[in-house]
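Peer 1: Okay, sequence plus prediction incoming.
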Amino acid sequence: MSADVFTVGTRGSQLAMTQTRWAADAVTRAGGVPHEVVTVRTEGDVLTGPLSQLGGTGVFATALRSRVLEGDVDLAVHSLKDLPTADVEGLVIAALPEREDPRDALCARDGLTLEELPEGAAVGTGSPRRVAQLRALRPDLRIVDIRGNVGTRLNRVAPADPGDLDAVVLAASGLIRLGLEGRITQYLDPHLMLPAPGQGALALEVRADLDPDSGLARGLAAVDHLPTRLAVTAERAVLATLEAGCAAPVGTYARLLDGVLELEVVVADPDGSEVMRGAASLPDADLEGAAALGAHVAQELLGNGAGRLARLSL
């Protein structure tokens, strides 16, 4: 890395570029070092078919991580929910900026909410977690597997062309970052649908041997947000303990409220016929305690049969 500039690797989608520029600008302001953006094509951008069958979350992260390890770029910006829970030797998540809204969002025709969608309505999503929870809430819905960028998915909703869907479910954070809040007809609160572990958070990843006195290191330290790190540490500990990936119908939501870290978890049968929930809280949590909280809730769920229910390969 030049003393005068750091390079930032990102996927080429509009959302990835928007998130990366936002994060890199924040690091530049805090660390006083300018940056350049490098676009990296990942396996997830090339392959087609359901995400759950393409190798899961890692298809979007591996190429970016390789470029950082090889020294081609200094910093990678990931959607945290796209990162596998296992650590990668030689890399560290140096910053987790303050999390955007972690909820899922319904984007439906005619301003409809989930409750108002007509019987048999077609709803698009590529997430097994969303599928299971949608089916649990509305068994009558016709769930359609979809992929593509945010714009492509939104264009599937009638009366747009081709308009073959009544609604799609997307992460609220991506819509907000793209300035598309106006397309949201309902924010799906956690009591309806728990989001993916880490949803709404960005992970800023660098080589573990980064010079701690560099402007990049100073900038990363300044944008790291401890309440976000505590929350997503608990959520990702659930996923790691369950040994589940994005193909598993597992939702989590943790938040720091008045000094208490609260965690909710849902594990569902993929067809939505059965749902198992768990919750716990921890006052004065540190990172070790947050990880232990997530592991504890996951172990309780496993003891109650969550592995069988969600068809996890444990």
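Peer 2: The structure has been received and is ready for your questions. Numbers count the residues shown, from 1 in each chain.
Peer 1: care to break this protein down by domain?
Peer 2: 6-98+201-224, 104-188, 231-309 (automatic domain parsing).
Peer 1: continuing past the least confident helix or strand in the chain by mean pLDDT, what's the next helix or strand?
Peer 2: In the chain, no helix or strand scores lower on mean pLDDT, DSSP states H and E than helix 43-46, which sits at a mean of 46. Where DSSP states H and E defines the elements, the next helix or strand beyond helix 43-46 is helix 62-69.
Peer 1: helix or strand right after that next one?
Peer 2: The helix or strand immediately downstream of helix 62-69 is strand 75-79, counting by DSSP H and E.
Peer 1: For the stretch 51-200 of the chain, which segments count as strands?
Peer 2: Here the stretch 51-200 of the chain has its strands, by DSSP state E, counting those that start in this stretch, at 75-79, 91-95, 104-108, 122-124, 142-144, 167-171, 186-188.
Peer 1: Check the stretch 201-314 of the chain too.
Peer 2: Going by DSSP E, counting those that start in this stretch, the stretch 201-314 of the chain shows strands at 202-207, 250-257, 260-268, 275-283.
Peer 1: In a markdown table: those strands, plus mean neighbour count.
Peer 2: Using the backbone N, CA and C atoms, a C-beta is placed for each residue, glycine as well. Below are these laid out as a markdown table (neighbours: other C-beta atoms under 10 Å):
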| stretch | mean neighbour count |
| --- | --- |
| strand 202-207 | 22 |
| strand 250-257 | 23 |
| strand 260-268 | 23 |
| strand 275-283 | 15 |
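Peer 1: Kindly reformat those as TSV containing mean pLDDT.
Peer 2: As requested, the strands of the stretch 201-314 of the chain are exported to TSV (pLDDT from 0 to 100):
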stretch	mean pLDDT
strand 202-207	98
strand 250-257	96
strand 260-268	97
strand 275-283	97
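Peer 1: So which residues of the stretch 101-250 of the chain form helices?
Peer 2: Applying DSSP state H, counting those that start in this stretch to the stretch 101-250 of the chain gives helices spanning 128-137, 150-154, 172-177, 215-223, 226-242.
Peer 1: Could you tell me which ranges of the protein sit under the pLDDT cut-off?
Peer 2: For the chain, the stretches with pLDDT under 70 are 1-3, 42-59, 160-162, 246-247, 313-314.
Peer 1: I'd like the strands of the stretch 51-200 of the chain laid out as CSV, including mean neighbour count and distance to Arg311.
Peer 2: Output for the strands of the stretch 51-200 of the chain, formatted as CSV (neighbours: other C-beta atoms under 10 Å; distance: least, C-beta to C-beta, whole Å):
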stretch, mean neighbour count, distance to Arg311
strand 75-79, 26, 25
strand 91-95, 20, 29
strand 104-108, 25, 22
strand 122-124, 22, 22
strand 142-144, 15, 17
strand 167-171, 25, 22
strand 186-188, 19, 24
